[in-house]
Structure formats: C-alpha cells, structure tokens
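>>> Fold the following, please.
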Amino acid sequence: GTQLIFNAAKELGQLSKLKEHMAREEAKALSPKQCAVIELALDTIKQYFHAGGVGLKKTFLEKSPDLLSLHYALSLYTQATDKLVRTFVQSQNAQEHVLRRSMNQKSTMMMMMVMMMMMMSTS
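Predicted coordinates for the structure are as follows:
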C-alpha cells in the first residue's frame with residue numbers, strides 16, 4: 001500500500017515536470033503573425049539576391065533546397081494539429097511505398113544475378 005502511494009506520487013511529480021516543460025515550449029511558439037513576417041522576410045531576401053535581374057536567377061532562388069525547406073517548415077508550423085498528423089501519416093505511407101518498391105527492385109536484381117551466375121556455372 002505505502003509503496004503504491006509512493007510510486008503514484010513519483011509519477012505525479014514526473015507529470016508535473018512534463019507539464020512545466022510543455023508550458024515552456026508553448027511560450028516559444030511563433031504566432032501566425034510572426035510566421036507571416038518570416039515569409040515576408042524570405043520573399044525580401046529572394047528579391048535582394050535576384051537584384052532586379054542582375055543577381056541570381058529567380059528560378060534558381062525558387063528551387064533552392066534551403067529556401068524550399070524553410071517555406072515547407074513554415075507551412076507545417078502554421079497548420080492545425082490534425083492536418084499535421086494527416087501530413088505525417090501520408091509522408092510515412094509514401095516512404096514505405098518507396099522503400100517497398102526499392103526492396104522489390106533490389107531482390108529482382110539479386111535473383112537475376114543469381115540466375116546469371118547459375119547459367120554461367122553450367123556452361
């Protein structure tokens with residue numbers, strides 16, 4: 001009985017620490033307005049480096065992996081939680097599909113190699 005109460009109190013203390021940690025994390029969250037300001041800053045940076053056609057080409061800037069990654073991160077940041085969960089599940093399913101296809105291709109190639117080796121050893 002006493003040990004059970006002690007364990008429950010310890011778990012409650014851990015839960016309290018988790019709640020405090022989550023509260024600190026929420027304080028660090030960006031508001032939608034801050035996200036909009038960052039988007040605007042990224043567009044301004046693109047314009048700066050394009051320099052009215054004298055600098056980098058717009059297509060180069062728009063296809064920049066770093067810039068695309070930032071835009072994607074901001075788009076995720078401003079999405080509702082349920083949409084984020086759906087996006088995550090969809091990306092996991094897509095990765096599984098690609099992995100399965102890759103594994104099938106590799107096993108097919110391995111089988112072809114084994115067959116070729118068998119044919120060469122019988123000749």
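>>> From here on, just use CA atoms for contacts and neighbour counts.
Fine.
>>> Averaged pLDDT, stretch 65-79. What do you get?
Computed over stretch 65-79, the mean pLDDT rounds to 84.
>>> got the contact list for it?
32, 35, 39, 42, 61-62, 84 (C-alpha atoms under 8 Å, 6 or more residues apart in numbering).
>>> Just the buried ones from those residues, in PyMOL syntax?
The following PyMOL line selects those of these that are buried, judged by 16 or more other C-alpha atoms under 10 Å:
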select buried, resi 39+61
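>>> Now intersect the contacts of stretch 65-79 with the strands, please.
Assigned to strands by DSSP state E, none of these qualify.
>>> Which one of the contacts of stretch 65-79 is nearest to residue 94?
The shortest approach to residue 94 among the contacts of stretch 65-79 belongs to residue 84, at 15.2 Å (C-alpha to C-alpha).
>>> For the spatially closest residue to that closest one that is not a sequence neighbour, pull up the helix or strand it's in.
Distances taken as C-alpha to C-alpha, 6 or more residues apart in numbering place residue 76 nearest to residue 84, at 6.7 Å, with adjacent residues excluded. Applying DSSP states H and E as the criterion places residue 76 in helix 65-77.
>>> same check, this time on residue 99
helix 81-122.
>>> and that helix with helix 65-77, angle?
130 degrees (axes from the mean of the first three to the mean of the last three C-alpha atoms, to 10 degrees).
>>> thinking again about what came up before, burial measure for the residue nearest to residue 84, as a count.
14 (other C-alpha atoms under 10 Å).
>>> how much space between it and residue 82?
Distance check for residue 76 against residue 82: by C-alpha to C-alpha, to the nearest Å, it reads 11 Å.
>>> swap in residue 103?
Separation of residue 103 from residue 82 (C-alpha to C-alpha) stands at 32 Å.
>>> what do you get for residue 105?
Distance, residue 105 to residue 82, using C-alpha to C-alpha: 35 Å.
>>> Neighbour count for those two, which is higher?
Regarding residue 105 and residue 82, a neighbour count based on other C-alpha under 10 Å identifies residue 105 as having more, with 12 against 9.
>>> Quick one: mean pLDDT for stretch 103-121?
The predicted model gives stretch 103-121 an average pLDDT of 75.
>>> Restricting to C-alpha, output that stretch in CSV.
What follows is stretch 103-121, C-alpha atoms only, in CSV (Å, rounded to 0.1, in the frame of the first residue of the first chain):
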residue,chain,number,x,y,z
MET,A,103,13.4,-3.6,-52.0
ASN,A,104,11.5,-5.3,-54.8
GLN,A,105,13.8,-3.9,-57.4
LYS,A,106,16.9,-5.0,-55.4
SER,A,107,15.5,-8.5,-54.8
THR,A,108,14.7,-8.8,-58.5
MET,A,109,18.2,-7.7,-59.4
MET,A,110,19.7,-10.2,-56.9
MET,A,111,17.6,-13.0,-58.4
MET,A,112,18.7,-12.1,-61.9
MET,A,113,22.4,-12.0,-60.8
VAL,A,114,22.0,-15.5,-59.2
MET,A,115,20.3,-16.8,-62.3
MET,A,116,23.1,-15.4,-64.5
MET,A,117,25.8,-17.0,-62.2
MET,A,118,24.0,-20.3,-62.3
MET,A,119,23.8,-20.2,-66.1
MET,A,120,27.5,-19.3,-66.3
SER,A,121,28.5,-22.1,-64.0
